[in-house]
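Novice: quick one, structure for this:
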Amino acid sequence: MKKIYLAILAFLRERFSLSQDQDNESEIVEAIRKGVVFKGINLWMLIFAIFIASIGLNVNSTAVIIGAMLISPLMGPIMGLGLGAGINDLPLINVAIKNLAIAVIFSIITSALYFSISPLSQAQSELLARTSPTFWDVLIAFFGGLAGVFAGSSKEKGNAIPGVAIATALMPPLCTAGYGLATGNLSFFFGALYLFFINSVMISASTFMVVQFLNFRHAEYMDQGRAKNVKRIIYALVFFTVVPSIYFGYTIVRKSGFEIEANNYIRKEFSNESYYVLNKQIEYKNSKDNKITLYVGGYMDSLQIEKKKANLENYRLENCVLEIKQGTQLKEILKNEQNQMDQISLAHAKELADKDSIIGNLKLELESNSKKFYNPEAIGEELRIFFPSISEFGISEGTIYSEKDSSSSASTLVFLASEGKIKESQYEEIERWLEKRLDTKNIKIVKE
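Specialist: Numbers count the residues shown, from 1 in each chain. Coordinates of the predicted model:
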C-alpha cells in the first residue's frame, strides 16, 4: 500500500513540477517590470485600445471588444503590483500604483470623450454586462491571473497572456465607466469601476501568491515590519473586494431561482383548458417584494384565483404577489396598447409626410438650380456667330455687392474678351441675347 502511495505521489510530482518549464527568475521579474510603466508607446497603445473597445461596446460588437483587449497593455502595472508585494520591492509597488492610476485616468477620460460625441447613446448588452459584477467575476480574475503569471514564468510564453486579457476583461469596465461619466449614469460608473477593481485586485493577488509559491528572491528595499503591513493591506483588499461580490452573486442566484420557480408554477398551474396564459411578467426585487402578473384568456372565477394564490407556497413563492388580469381588464389593456399603437402610427405618418414635403422642396430647388448649370463652350460658339471678334467667354453664378446702398443680389456673371474693340451698343445687344438664351434678367457682363 505504501509503495502505491509513493508511486502516485511521485507521478503527481513529476506531472505538476515547474522546474523544467520555469524561466530564469531574473528574466521573469525583468519582463514584468518592463510592462509596468505607462509612457510613450504603452500609453498610446492604451488610448487606441480604449477607443476601439468603446466603439465595440457602442455598436455591441464582441469581436471588436476582444481585439481591443488583446491590444491593451493594462496587465503590466497590475502584475507589477503583485510582483512587488511578493518580493518586498516597495519602489516597484509605488511605480505600479502610480502607473495604474495614470492608466485608469487616461482610459476613463478617453472613453468619456468618445461617448460624449458618439451619436449612439443607448446602452447595449455588452456594455450592460459590465455594470453588475458578481463573485464569478472574482473567480475569473483570480484563476485568470494565476494562468497569466504561470505562463509569464515559463520559458515558452504561449498564448496565455492574451487569453487572460480577454477572460478578465480589464478594458471594457473602464470604457463602461467612461460611458457612465459621459451620460451622467453614476450606477454604471461605480458598477464598472468596481468590476475593474475586482479584476485588478484578484490578478495582483494571484501574482503575489505565485511569486510566493515559486519562492522568488526578495528585494532588500523593505524591512520585515513594512513587508507584513503590505501583506495585511493585500489581504484586506482581497477581503473587501470579495465580500460585496458574494452578495451580488447571491442576489443573482436568488433572482434566477425565483424566475425558475415562477415559470414552473405558471406551467403547472395554468394548463387548464378553460383558461390560458396570454402573457406574463415576472418581477424580482428582493426576497420579500416580488410579483407575477399574468394576462389570462378564458375565464377564471374568484375561487379559482384564490386557489392559485394559495398554491404559490407549494413552489416556494409564498412571498410573491400574484396578479391575474382577464376579461374587461384584458380588454382595457389591449385597448390601451391599441391606442399607443395608433399614436405611434400617426406620429410615423406625420414624420413620413414631413419627409415627403422636404423631398418635394428639394426636387423643386434642384429643378430650379439645374437651369443655372450652363455649358459655356456651347454658348460661346453660338455667341461668336453673331460677334466673331470674341476670343474668350466664361459664365458663372455669383453675387454682386453694391457699396452705394450696401445691398447684394444674385447675378449671372459673363466674362468677355475680344480680339478687337466691341462697341457699347454691341455689349447691349450681347446682354439682350444672353437674357433670351439663358432665360434670366440678371446678366452682368465683365469686360476684359
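
Novice: what does Phe393 show for phi and psi?
Specialist: Main-chain torsions, Phe393, degrees, to the nearest 10: phi -140, psi 130.

Novice: run a quick neighbour tally on the nearest residue to it once chain neighbours are set aside.
Specialist: Spatial nearest neighbour of Phe393, chain neighbours left out: Gly380 (3.5 Å); criterion: C-beta to C-beta, 6 or more residues apart in numbering. (Glycine included, C-beta is placed from N, CA and C.) Here the count is done by other C-beta atoms under 10 Å, and Gly380 has 17 residues near it.

Novice: got it, and Gln212?
Specialist: 14.

Novice: after the host helix or strand of it comes which helix or strand?
Specialist: Using DSSP states H and E, Gln212 sits within helix 186-213. For helix 186-213, the following helix or strand on the C-terminal side (DSSP H and E) is helix 224-269.

Novice: what residues does the helix or strand that that next one is followed by touch?
Specialist: Later in the chain than helix 224-269, the nearest helix or strand by DSSP H and E is strand 275-284. With C-beta atoms under 8 Å, 6 or more residues apart in numbering as the test, strand 275-284 has contacts from 254-255, 258-259, 262-263, 266, 270, 290-300, 326, 330.

Novice: residue contacts, Gly67?
Specialist: 52, 56.

Novice: state whether it is indeed within a helix.
Specialist: Yes - assigned with DSSP: H, G, I helix; E, B strand; the rest coil, Gly67 falls within a helix.

Novice: what's the pLDDT at it?
Specialist: If you check Gly67, the pLDDT there is 82.

Novice: before we move on, what about Lys331?
Specialist: 52.

Novice: please apply the same query to Gln338.
Specialist: Looking at Gln338, the pLDDT reads 62.

Novice: again with Pro77
Specialist: At Pro77, pLDDT is 87.

Novice: how about it, what does it touch?
Specialist: Contacts for Pro77 (C-beta under 8 Å, 6+ apart) come out as 35-38, 95-97, 99-100, 103.

Novice: most neighbours among these, which one is it?
Specialist: With neighbours taken as other C-beta under 10 Å, the top of these is Ala96, carrying 27 neighbours.

Novice: what's the local residue count around Ile445?
Specialist: By other C-beta under 10 Å, the residues close to Ile445 number 15.

Novice: quick check: buried residues in the strand or helix carrying it?
Specialist: Using DSSP H and E, Ile445 maps to strand 443-447. By neighbour count on 16 or more other C-beta atoms under 10 Å, the buried set for strand 443-447 is Ile443.

Novice: show me what that strand is packed against.
Specialist: For strand 443-447, the elements it packs on are strand 407-418, helix 424-438, judged by 3 or more C-beta pairs under 8 Å, 6 or more residues apart in numbering; DSSP states H and E.

Novice: deepest-packed of those, please.
Specialist: strand 407-418 (a mean of 15; mean count of other C-beta atoms under 10 Å).

Novice: please save the CA atoms from that one in PDB.
Specialist: Below are the C-alpha coordinates for strand 407-418, written out as PDB (Å, rounded to 0.1, in the frame of the first residue of the first chain):
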ATOM      1  CA  SER A 407     -27.000  95.600 -50.900                       C
ATOM      2  CA  SER A 408     -26.200  92.400 -52.700                       C
ATOM      3  CA  SER A 409     -28.000  90.500 -55.400                       C
ATOM      4  CA  ALA A 410     -27.600  87.200 -57.200                       C
ATOM      5  CA  SER A 411     -26.400  87.600 -60.800                       C
ATOM      6  CA  THR A 412     -25.200  85.600 -63.800                       C
ATOM      7  CA  LEU A 413     -21.700  86.800 -64.400                       C
ATOM      8  CA  VAL A 414     -20.400  86.700 -68.000                       C
ATOM      9  CA  PHE A 415     -16.800  87.300 -68.800                       C
ATOM     10  CA  LEU A 416     -15.900  88.600 -72.300                       C
ATOM     11  CA  ALA A 417     -12.600  89.200 -74.100                       C
ATOM     12  CA  SER A 418     -12.300  90.200 -77.800                       C
END
